[in-house]
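**Q** need coordinates for the following:
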Amino acid sequence: MTIDSYTEQNKGDFEKIWVDWLTNTMGVRPQEEDLLEVQNPVEHYIKTGGMAYYANRDGHCMGIVAVKKLNKTDYEFCKLVVAKQAQGMGIGKKLVRKCIGFAREQGGQHLYLQTFNKLEIALKMYRSMGFTNAPAPKGMFVVKRTEIIMKKSLQS
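**A** So this is what the prediction gives:
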């Protein structure tokens, strides 16, 4: 298993995995803004100071996440999803660690996320990694379906 930065080879994987998860697991249709982001991670994450990461195994994408720069000190990781067949293998935690490392390398002070109450396993993982409930920071677009916002201090 490797965690790789965005490449053109993985471009379509972001949309495929994330839309499938949102629709079939959460029972929610993606908003127009979501589709624009997952269809073009370069424009919506990378060119604005963030990154998109892919968990790849034997040539197949098993998980995705994006990091978005919110302001001078804050970052958000977005759209973290692990493919159904790869859940329970620690891939989500590896992707979050990659986001933490990226935000720290960029000089970030906090890493935020938006999530749902229904995602009990993910919430437990986030809390075990030091994320706590928080208000939205300046620059965060809070999507309508968000129920919880969390942050982690990146100060060593």
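
**Q** which residues does residue 122 contact?
**A** Remark: with contacts taken as Cβ atoms under 8 Å, 6 or more residues apart in numbering, residue 122 is in contact with 80, 92, 115. Yep, even glycine has a C-beta here, placed from its N, CA and C like the rest.

**Q** give me the average confidence score over stretch 83-98.
**A** For stretch 83-98, mean pLDDT rounds to 94.

**Q** chain center to the helix or strand hosting residue 122: distance?
**A** For residue 122, the host element (DSSP states H and E) is helix 120-128. Helix 120-128 sits 14 Å away from the centroid of its parent chain (Cα atoms, centre = their mean, to the nearest Å).

**Q** please shift the residue numbers so they start at 8 in all later answers.
**A** From this message on, residue numbering opens at 8, which makes the last subject helix 127-135.

**Q** buried sites along it?
**A** 129-130, 132-133 (16 or more other Cβ atoms under 10 Å).

**Q** okay if I get the residues you listed as JSON lines plus distance to residue 78?
**A** Below are the buried residues of helix 127-135 laid out as JSON lines (distance: Cβ to Cβ, whole Å):
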{"residue": "129", "distance to residue 78": "25"}
{"residue": "130", "distance to residue 78": "25"}
{"residue": "132", "distance to residue 78": "26"}
{"residue": "133", "distance to residue 78": "21"}
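
**Q** counting neighbours, which of the contacts of residue 129 comes out on top?
**A** Using other Cβ atoms under 10 Å as the neighbour test, the contacts of residue 129 are led by residue 87, with 23 neighbours.

**Q** that residue and residue 145, how far apart?
**A** Going from residue 87 to residue 145 by Cβ to Cβ, to the nearest Å gives 22 Å.
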